[in-house]
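generate coordinates for the sequence data below:
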Amino acid sequence: MLSGRLPATKLSVTLTLAAIFLHCMTLMTKVDCSSSTDVFMIDTVNQQSYPIETNELATDEQTEQVEDKILQLLGLPDTPRPSYKHLKNDSAPQFMMRLYQEIQKQEGLEEIMPTAAPSQEDIGPEYRNLSYNINEHEKIENVDIVISFVNQPGKSTTFGIENEHDRRYYFELEDVPDSELRDAELRVYKAKPHHHHHKYFFTAFRIDESSDNLDTFGLTVLDTLTVNGSYEGWLVFNVSVALDTWLHSNATNLGIFLEARLLSGDTLLPHQAGIVNRHGEHHKQCFMVAFFKSLVPLSKKIAEIQTPLVVKRKKRSTSTVDDYWNAPIDNKYTRKMCQRKHLYVQFKRLRFDSWIIAPDGYPAFYCEGECSFPLSSHMNATNHAIVQTLVSLIQPKRFPKACCAPKKLSAITVLYFDKTQNVVMKRYKNMVVQSCGCH
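Residues are numbered from 1 along each chain as shown. Sure, this is the predicted structure:
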């Protein structure tokens with residue numbers, strides 16, 4: 001809950017991400033400035049939704065402050081630039097969009113947020129029928145961050161390995177959040193090779209720098225697969241050991257080496273066994289997927305950004321957002337009972353659409369209204385709220401009424417590019433108000 005007791009006629013919300021968005025919305029609707037972009041949709045007194053034109057009400061500086069606060073909540077130091085939306089058809093984003101669809105389906109959000117997930121047309125045929133086994137479902141359920149790392153061999157030093165770019169994969173780990181690694185997979189696409197009657201043996205190695213000679217390197221086996229030559233599709237190698245090592249010491253990140261052999265023991269270049277290399281189709285490029293559990297509690301992250309947001313109003317002194325929480329609400333609203341109202345946050349209008357893949361926005365909702373005696377059942381009042389309301393009737397000057405605030409909240413999942421072109425899918429708890437009540 002927000003610090004202090006707010007009277008029932010004030011807007012009351014819990015300190016969640018949804019509250020911060022609403023906090024920013026309140027800021028921008030209380031100032032008088034110029035320009036025009038719709039960011040939020042809210043309810044009018046007659047329950048009709050309409051856009052708040054934030055730039056018409058707030059200066060560019062204020063809008064940027066709001067954007068910065070939201071970026072901090074998303075765990076991003078700054079807006080990823082340049083735009084990577086043109087990479088949407090590459091393998092890593094395609095896989096993540098399909099995974100995002102699966103999560104929306106699992107959580108029953110397809111009808112609630114119909115525009116949240118990418119459409120079938122956005123997803124290529126190699127990914128539309130991508131199936132998930134029981135273990136993968138458990139991975140998704142037990143983590144809140146999934147990252148697809150794209151192969152970026154040009155960003156690492158070379159070792160002089162023969163056909164190195166065809167056999168070595170390197171992944172940029174700069175923007176990995178503070179989290180616990182649960183699992184990691186290397187995914188490479190195998191097409192049908194010219195000699196498809198063979199059986200192929202693939203081995204994924206972690207490349208280790210030699211301790212006694214910096215010009216040499218060693219290999220640690222990560223995973224092996226045996227595949228029929230006629231097979232076409234994705235090969236999945238467990239590379240958790242490698243990624244865990246690199247996360248503890250990024251200097252040891254020299255990449256993954258893929259070896260292909262025949263039954264006879266003869267070594268092949270991966271592309272000779274059907275592996276699509278960096279010159280192949282974009283939607284069949286190799287990538288690494290990692291599953292994480294966040295270590296930083298959301299409450300701590302929110303507390304870290306609770307610095308006053310400066311507001312400049314015409315012909316008035318500089319103030320903080322706190323002024324707005326204490327401003328009186330129009331009488332026509334105070335007569336309304338505590339209820340959930342519509343608030344839709346549009347990421348596109350916040351200029352986040354260049355790097356957020358999905359959703360376009362989300363219905364945050366908010367709680368507003370009066371908690372007056374008698375409290376009806378649909379107000380979801382707590383026992384304490386009922387007692388407080390009764391006491392307030394007797395001594396209204398000393399004891400405020402109960403507050404209208406979120407009673408139940410749910411999470412949303414955001415899919416976006418980070419600044420190194422990796423694709424991140426992150427679950428944010430307490431983003432959507434499911435129900436309101438008197439507290």
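
low-confidence ranges, the chain, go.
By pLDDT under 70, the low-scoring segments of the chain are 1-60, 77-78, 80-85, 107-138, 155-165, 210-216, 296-335, 374-379.

give me the longest strand you can find in it.
Assignment by DSSP state E gives strand 423-438 as the longest strand of the chain.

name the residues of that one that are buried.
Of all the residues in strand 423-438, those buried under the rule 16 or more other CB atoms under 10 Å are 423-433, 436-438. Placement of C-beta: from N, CA and C, glycine included.

same question for stretch 253-272.
For stretch 253-272, burial by neighbour count (16+ other CB under 10 Å) applies to 253-262, 268, 270-271.

wait, a strand at Ala204?
Yes: according to DSSP: H, G, I helix; E, B strand; the rest coil, the state of Ala204 is that of a strand.

re the thing from before, now the buried residues of strand 423-438 as TSV including distance to Phe171?
Below are the buried residues of strand 423-438 laid out as TSV (distance: CB to CB, whole Å):
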residue	distance to Phe171
Val423	12
Val424	13
Met425	16
Lys426	18
Arg427	22
Tyr428	25
Lys429	28
Asn430	31
Met431	29
Val432	33
Val433	38
Cys436	44
Gly437	46
Cys438	50
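
among these, which one sits closest to Phe365?
Among these, Val433 lies closest to Phe365 (CB to CB), at 3.9 Å.

out of everything not next to it in sequence, what's closest to that closest one?
With sequence-adjacent residues excluded and distances taken as CB to CB, 6 or more residues apart in numbering, Val433 is closest to Phe365, at 3.9 Å.

and that neighbour, what does it touch?
Listed by CB atoms under 8 Å, 6 or more residues apart in numbering, the contact partners of Phe365 are Ala18, Arg340, Lys341, His342, Leu343, Val432, Val433, Gln434.

count the neighbours of the third one for me.
So the one you mean is Lys341. Close neighbours of Lys341, defined as other CB atoms under 10 Å, add up to 18.

thought it was touching Ala364?
No: applying CB atoms under 8 Å as the test, Lys341 and Ala364 come out as separate, 10.3 Å apart.

and the top helix by length along the chain, which residues are buried?
When the chain is parsed with DSSP state H, its longest helix is helix 91-106. Using 16+ other CB under 10 Å as the test for burial, helix 91-106 gives 91-104.

counting contacts, what elements does that helix pack onto?
helix 125-128, helix 134-141, strand 145-150, strand 179-190, strand 287-294, strand 356-358, strand 404-417, strand 423-438 (3 or more CB pairs under 8 Å, 6 or more residues apart in numbering; DSSP states H and E).

picking up where we left off before, what inclination does the longest strand of the chain have with respect to strand 179-190?
130 degrees (axes from the mean of the first three to the mean of the last three CA atoms, to 10 degrees).

sheet partners, orientation included, of strand 423-438?
strand 145-150 (antiparallel), strand 404-417 (antiparallel) (DSSP bridges).

give me the element Tyr200 is part of.
strand 199-209 (DSSP states H and E).

next: Leu390.
Per DSSP H and E: helix 383-394 holds Leu390.

tell me the domain ranges of the protein?
Domain ranges of the chain: 17-76+297-351+364-438, 85-294, per automatic domain parsing.

and which of the buried residues of strand 423-438 is nearest Asp175?
Ranked by distance to Asp175 (CB to CB), the buried residues of strand 423-438 are led by Val424 at 7.9 Å.

specify the beta-bridge partners of that closest one.
Ile147, Tyr416.

ok, now the one 4 residues further on?
Applying DSSP bridges to Tyr428 gives these bridge partners: Ile412.

do you know how far it is from Ala251?
Between Tyr428 and Ala251 the computed distance is 32 Å (CB to CB, to the nearest Å).

now swap in Arg182 and tell me
In this view, Arg182 and Ala251 are 23 Å apart by CB to CB.

of these two, who's got more company?
Between Arg182 and Ala251, Arg182 has the larger neighbour count (other CB under 10 Å), namely 16 against 7.

quick one: contacts for the more buried one?
Lys139, Asn142, Val143, Phe291, Phe292, Lys293.

Pro406 is in contact with Cys438, isn't it?
No: using CB under 8 Å, Pro406 is not in contact with Cys438, being 11.5 Å away.

still on that earlier bit, most packed of the helices and strands packed on helix 91-106?
Ranked by mean neighbour count, the helices and strands packed on helix 91-106 are led by strand 145-150 with a mean of 24 (mean count of other CB atoms under 10 Å).

now do that one: everything it contacts.
Residues contacting strand 145-150 (CB under 8 Å, 6+ apart): 90, 92-93, 95-96, 99, 140, 171-173, 176-177, 179, 285, 287-294, 418, 421-427.
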